[in-house]
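In: Make a model of this:
(one chain, ligands or ions: 2)
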Amino acid sequence: MAKRPILTLPDERLRAIAEPIEKIDDAIKALAQDMLDTMYDAPGIGLAAPQIGELHRIVVMDLAPDGAARDPIVMINPEILAYSDDTVTTEEGCLSIPELYYEVERPAEVTVRYTDLTGEVVERHAEDRLAICIQHELDHLDGVLYIDYLSRLKRDRVLKKFQKQARRAT
Ligand code: GNR
Ligand code: NI
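Out: Ligands and ions are numbered 1, 2, ... in the order given. Next comes the predicted model:
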């Protein structure tokens with residue numbers, strides 16, 4: 001059980017492209033567990049490895065309702081195979097952009113393919129919050145943040161706020 005610090009804007013590692021995982025060894029299993037521990041502690045419904053400074057293509061999620069049993073999902077080298085044409089607009093937040101929430105429009109449904117922790121390749125169709133969470137987490141693996149979908153004005157306002165905060169902290 002190891003909770004790791006979550007990186008926040010403007011940390012450059014949030015903008016990096018994460019590397020594919022070649023082998024699911026003990027280090028990757030330990031990383032997945034640290035990510036789940038960190039996500040549950042935050043708390044959040046998802047976490048991507050770059051958010052704790054690990055530039056590997058792995059994300060974790062748990063969309064179980066509050067009070068229900070945990071339902072952790074670990075996706076290694078995930079890829080979206082198909083997006084629906086219909087979109088939904090939902091309010092998103094990000095643990096790396098604390099305390100801010102903005103509406104984002106995304107495809108409503110996706111089909112994702114990934115390798116699970118046992119090495120099995122899984123294909124899964126997702127809708128609702130899971131579909132949004134998958135897209136949000138997979139974006140992190142390519143250095144994309146949800147604020148990148150906002151208007152330039154809104155995005156720049158967010159970036160400025162965190163740049164200013166970082167300057168104060170140093
Ligand atoms: O905890 C989180 N909640 C959330 C809400 C709406 C859309 C996406 C998310 S993911 C976020 C955790 C996070 O930052 N994952 O990268
Ligand atoms: Ni996020």
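In: mind checking pLDDT for Met1?
Out: On the pLDDT scale, Met1 is placed at 70.
In: Over to Asp66?
Out: Reading off the model, Asp66 has pLDDT 89.
In: do His125 as well
Out: Looking at His125, the pLDDT reads 98.
In: Specify the local secondary structure of it.
Out: strand (DSSP: H, G, I helix; E, B strand; the rest coil).
In: What sits closest to it if chain neighbours are left out?
Out: Thr111 (5.0 Å; Cβ to Cβ, 6 or more residues apart in numbering). Any C-beta I mention is one placed from the backbone N, CA and C, and that applies to glycine too.
In: where's the one you found relative to Val59, distance?
Out: Computed as Cβ to Cβ, to the nearest Å, the Thr111 to Val59 distance reads 16 Å.
In: Between these two, which is the more surrounded one?
Out: In this view Thr111 and Val59 are compared by other Cβ atoms under 10 Å, and Val59 has more residues nearby, 29 against 16.
In: Which strand or helix spans the residue most central in space within the chain?
Out: Nearest to the centroid of the C-alpha atoms of the chain, with distances taken as Cα atoms, centre = their mean, sits Glu137, at 2.6 Å. Per DSSP states H and E: Glu137 is located in helix 128-141.
In: Need the mean per-residue confidence for whatever helix or strand comes next after that helix.
Out: Later in the chain than helix 128-141, the nearest helix or strand by DSSP H and E is helix 152-169. Helix 152-169 carries an average pLDDT of 96.
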